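# predicted model follows, preceded by the sequence.
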2 protein chains.
Amino acid sequence: MVHLVERGPIADESLRPIGEGGLLLQGELIYRVGAFSDLRLEAETLQATIIELTEDFVALPGFIDVHTHICFAGSRAQDYALRNAGKTYLEIAAAGGGIWDSVQQTRRADQAELTRLTVQRATRHLRGGVTTIEVKSGYGLSVAEELKQLRAIKEADSQTAADLVATCLAAHTLPRDYAGTPEAYLAEMAAQLLPQLKQEQLTNRVDAFLEQGAFSAAQIAPYFAEARRLGFQLTVHADQFSAFGSRVAVEAGALSADHLEASSDDEIRLLAGSPTVAVALPGASLGLGCNFAPARRLLDAGASLAIASDWNPGSAPMGDLLTQAAILGTFEKLTAAEVLAGITCRAARALDLADRGRLVAGLLADFVLFPTADYAEILYQQGQLRPAQVWKNGRCVHPSPARA
Amino acid sequence: MVHLVERGPIADESLRPIGEGGLLLQGELIYRVGAFSDLRLEAETLQATIIELTEDFVALPGFIDVHTHICFAGSRAQDYALRNAGKTYLEIAAAGGGIWDSVQQTRRADQAELTRLTVQRATRHLRGGVTTIEVKSGYGLSVAEELKQLRAIKEADSQTAADLVATCLAAHTLPRDYAGTPEAYLAEMAAQLLPQLKQEQLTNRVDAFLEQGAFSAAQIAPYFAEARRLGFQLTVHADQFSAFGSRVAVEAGALSADHLEASSDDEIRLLAGSPTVAVALPGASLGLGCNFAPARRLLDAGASLAIASDWNPGSAPMGDLLTQAAILGTFEKLTAAEVLAGITCRAARALDLADRGRLVAGLLADFVLFPTADYAEILYQQGQLRPAQVWKNGRCVHPSPARA
């Protein structure tokens, strides 16, 4: 399916599935897409790989998860149980839970252990069809510990067939040792961490959690200014509980504003009128049991909407992008085209990756084969229809996983 | 974990996990439960099977899904896509969708095909830890076609290791050939279908969908009266969109009232004061994108709450009980104990099965081993932690499935 529009609503009728379709691959790229009978001669001439889709298979672009926190150690299963038992945030923190628990457990893990855990989770995602995975730091919260996390993510990227896109989230929450001095913490990260990230080429992306209890617009302004000066791309945790982050995201020219559960019409208009991609995180709604981002209204206003898993040990432990995207579709009344665009081509825009997200010639041969004749089955089964094959960079990586 | 209370709230603190626990099995029953070191000698003496749970495993009772419609043919993926694209019920029906589509496809399938499809779905459920599965008819809607469905369910029960509990849902919706004459349809079913079910021992359960557009309280009264006279147990589709079914359920002495998304305080009080089990069906909420049953308020009022999948081709296509129960827990703020009771011991009550649903001596040895040291992980991972082993009637049926 091709030619998905970049923003706003998409009717399913505009999708054009190719019957008896085929993909001609050369190296890691798609060389041509069409009816497979038309591709066979060329495949022989070029000695290229040809993927022939009989009636029993549908090919989709490899899924792109633009927001995860999968580089962490420890479980927060007790937090989850306490929250569902009606305990408050403060009671959970008093019981030793909350984000600070993940920080402590992640700090205690060495880099090799974090690499192992990240590869393990990336591999599970890959089997579900996710071929590109954004991974944030943010459980280190010191120069040394953030570096450890981002080095672990870089190492993990070399050990999994999925592409991992690292993001520095040193501005996740204020570490306890800087209590009361958020400006000093962010100034230190800007001065000492960000240049080092550039030097080691660990990431070109910087994220911040804009929320009461995390960072304010005024606190983040100088940090973002320095990040931009150093050439980082920005993304923002915005409007999860209080609606001020999306304005910061748009004004800072962030690639994406993620969460948006608390966005009102003002923020929706703002995002729709900007190049910033709106990212819904249904996994956080399912993990916390709260409302979904206003995806339908964002699309109707003309925004570009991506859908990501937010896979993290606290608020979004499920880590199943397809199930979550399908569920968001039923609650927000999204067409299949809108949901699929949100985890493929529109997600690619949120990561500024022009080389993937659609099945067209010249892009990376990242795709998923589902064992069904009808693409509508994929969302209808709400995650229960599993990929038959996953291909990354022109190679089948599941069910016969190969190392990159 | 044992000694779960039969109704009302349950604090997680009241659960008593047995460390280094073991199960001693004799034949298809549990002979003893305790620390496995205490059971070893007895196991030798009795030559009984002993299950030793090291730190890496948690055993739970086999899950019981008290409400499914898995005996159907055909897919309604197009309905799902149209509904999410904003089409109305009438527009979907005009496009050839809706329940009548499932009736026509199920009527076209022969009994062997329905058996095959039912076994296939039961096997998927079994791998997820569901060892007892209620299965409704209701896509036949004539004497002959309902018999075909219920015979298919009986045959499927003999072909899967899971126990299938059949229910006659001839009162699912009014078939088109009886348009305008619901009384005549129900009278025919009462006179010709119900006695035949008894004679062939196809089921001892009768269900009805009480809803605007389905059947009214007045219409169902003589049908239920006849069913009771013949010795059937009753269950009711109640309060999904309009709140009158739970009153019918309680007054008719039904074992369970299922759905309850539209139940208000009046219905909650009524159910809490009755022996009727309240059954939440989160799969229907996730499939339709609508609110969940008021599970928290039902428990707080003192009701007994079971949780079921409602697996069906129209409104609940996911068919993953554990994922759905976990999600209901986050939205309704249910303790882990309440969620687990809802798919084990309280579910057993909803089916009037005194021989299962808890891990205690004398009950059926139906249990699931999860690969974790902490039972809280099972709900925390929201369906992503899969069973390592499933045992039914004292035999391991997954991963080495054996036929019953």
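On my side now, so go ahead. Residues are numbered from 1 along each chain as shown, chains lettered A, B, ... in the order given.
# for chain A, which element, helix or strand, carries the lowest mean pLDDT?
helix A:89-94 (a mean of 85; mean pLDDT, DSSP states H and E).
# keeping just the C-alphas, turn that one into CSV.
Extracted C-alpha coordinates of helix A:89-94, given in CSV (Å, rounded to 0.1, in the frame of the first residue of the first chain):
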residue,chain,number,x,y,z
TYR,A,89,1.6,8.3,43.6
LEU,A,90,3.0,9.4,47.0
GLU,A,91,2.1,6.1,48.7
ILE,A,92,3.8,4.2,45.8
ALA,A,93,6.9,6.4,46.2
ALA,A,94,6.9,5.8,49.9
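# residue of the stretch 151-300 of chain A with the smallest distance to chain B?
Proximity of the stretch 151-300 of chain A to chain B (Cβ to the nearest Cβ) peaks at A:Gly289, 3.4 Å away. Where C-beta positions appear, they are placed from N, C-alpha and C, glycine not excepted.
# I should have written the stretch 51-200 of chain A there, sorry.
In the stretch 51-200 of chain A, the residue that lies nearest chain B is A:Ala77 (3.9 Å; Cβ to the nearest Cβ).
# surely that residue is in contact with B:Glu377?
Yes: assessed by Cβ atoms under 8 Å, A:Ala77 is found in contact with B:Glu377 at 4.8 Å.
# those helices in the stretch 201-350 of chain A, which residues are they?
For the stretch 201-350 of chain A, the helices defined by DSSP state H, counting those that start in this stretch occupy A:217-229, A:245-251, A:265-272, A:282-288, A:295-300, A:321-332, A:336-342, A:345-350.
# need the three-state assignment for A:Leu150.
At A:Leu150 the chain is in helix, as set by DSSP: H, G, I helix; E, B strand; the rest coil.
# how far away is it from A:Val165?
12 Å (Cβ to Cβ, to the nearest Å).
# give me the below-cutoff pLDDT ranges for the stretch 301-404 of chain A.
Along the stretch 301-404 of chain A, the model assigns pLDDT under 70 to residues A:400-404.
# can you tell me the residue of it closest to chain B?
The stretch 301-404 of chain A approaches chain B most closely through A:Thr330 (3.4 Å), counting by Cβ to the nearest Cβ.
# now that residue: how far from B:Asn312?
Counting by Cβ to Cβ, the gap from A:Thr330 to B:Asn312 is 15 Å.
# same check, this time on A:Glu183
Counting by Cβ to Cβ, the gap from A:Glu183 to B:Asn312 is 56 Å.
# what do you get for A:Asp79?
Distance, A:Asp79 to B:Asn312, using Cβ to Cβ: 34 Å.
# list the contacts for A:Asn291?
Contacts for A:Asn291 were tallied using Cβ atoms under 8 Å, 6 or more residues apart in numbering or on different chains; they are A:Glu261, A:Ser285.
# which bits of the stretch 201-350 of chain A sit near chain B?
Within the stretch 201-350 of chain A, the positions adjacent to chain B are A:286-289, A:317-320, A:323, A:327, A:329-336, A:339 by Cβ under 8 Å from any Cβ of the partner chain.
# again, 7 Å this time
A:286-289, A:317-320, A:327, A:329-331, A:333-336 (Cβ under 7 Å from any Cβ of the partner chain).
# for those residues, work out which two are farthest apart.
A:Pro317 and A:Thr335 (28.4 Å; Cβ to Cβ).
# which strand is the longest one in chain A?
Counting by DSSP state E, the longest strand found in chain A is strand A:163-171.
# tell me the pLDDT of the spatially most central residue of chain A.
In chain A, the centroid-proximal residue (Cα atoms, centre = their mean) is A:Val66; its distance is 1.8 Å. Model confidence at A:Val66, given as pLDDT, is 98.
# ok, it - contacts?
Counting by Cβ atoms under 7 Å, 6 or more residues apart in numbering or on different chains, A:Val66 touches A:Glu134, A:Ser256, A:Val279, A:Ala306, A:Ala308, A:Ala347, A:Ala350, A:Leu351.
# isn't the first one up against A:Asp352?
Put plainly, it is A:Glu134. No: look at A:Glu134 against A:Asp352 with Cβ atoms under 7 Å: they stay out of range, at 11.2 Å.
# between the two, point out the one with more neighbours.
Neighbours per residue (other Cβ atoms under 10 Å in any protein chain shown) separate A:Glu134 from A:Asp352, with A:Glu134 holding more: 28 against 14.
# each with direction, which strands does the host helix or strand of that one pair with?
Using DSSP states H and E, A:Glu134 sits in strand A:130-136. Sheet pairing here is set by DSSP bridges, and for strand A:130-136 it gives strand A:63-65 (parallel), strand A:163-171 (parallel).
# could you dump those to JSON lines with distance to B:Arg121 and mean neighbour count?
Below are the strands paired with strand A:130-136 laid out as JSON lines (distance: least, Cβ to Cβ, whole Å; neighbours: other Cβ atoms under 10 Å in any protein chain shown):
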{"stretch": "strand A:63-65", "distance to B:Arg121": "26", "mean neighbour count": "30"}
{"stretch": "strand A:163-171", "distance to B:Arg121": "36", "mean neighbour count": "25"}
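# surely A:Glu145 is in contact with A:Arg107?
Yes: taking Cβ under 7 Å as the definition, A:Glu145 is a contact partner of A:Arg107 at 5.4 Å.
# just confirm A:Ala187 is within a helix.
Yes: looking at A:Ala187 with three-state DSSP, it is inside a helix.
# just checking, A:Ile64 touches A:Cys345?
No: look at A:Ile64 against A:Cys345 with Cβ under 7 Å: they stay out of range, at 8.6 Å.
# and for these two, which residues touch both?
Contact criterion Cβ under 7 Å, 6+ apart; residues shared by A:Ile64 and A:Cys345: A:Gly357.
# picking that back up, backbone phi and psi for the residue nearest to the centre of chain A, please?
As for A:Val66, its main-chain torsions (degrees, to the nearest 10) stand at phi -90, psi 0.
# per-residue pLDDT, A:Ala77?
So, for A:Ala77, pLDDT stands at 97.
# residues contacting the residue nearest to A:Leu281 when sequence neighbours are not counted?
Spatial nearest neighbour of A:Leu281, chain neighbours left out: A:Asp310 (3.9 Å); criterion: Cβ to Cβ, 6 or more residues apart in numbering or on different chains. Contact analysis of A:Asp310 by Cβ under 7 Å, 6+ apart lists A:His67, A:Thr68, A:Leu281, A:Gly283, A:Ala284, A:Ala316.
# identify the farthest-apart pair in those.
Comparing all pairs in those by Cβ to Cβ, the longest separation belongs to A:Thr68 and A:Ala284, at 11.5 Å.
# using CSV, write out every CA atom in stretch A:211-223.
These are the backbone C-alpha positions of stretch A:211-223, laid out as CSV (Å, rounded to 0.1, in the frame of the first residue of the first chain):
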residue,chain,number,x,y,z
GLU,A,211,5.1,18.4,33.2
GLN,A,212,4.3,19.6,36.7
GLY,A,213,6.8,17.6,38.8
ALA,A,214,9.2,17.3,35.9
PHE,A,215,10.4,20.4,34.0
SER,A,216,8.7,23.7,33.2
ALA,A,217,8.8,25.7,30.0
ALA,A,218,11.0,28.3,31.5
GLN,A,219,13.5,25.7,32.9
ILE,A,220,13.8,23.8,29.6
ALA,A,221,14.3,26.9,27.4
PRO,A,222,18.0,27.4,27.9
TYR,A,223,18.6,23.6,27.7
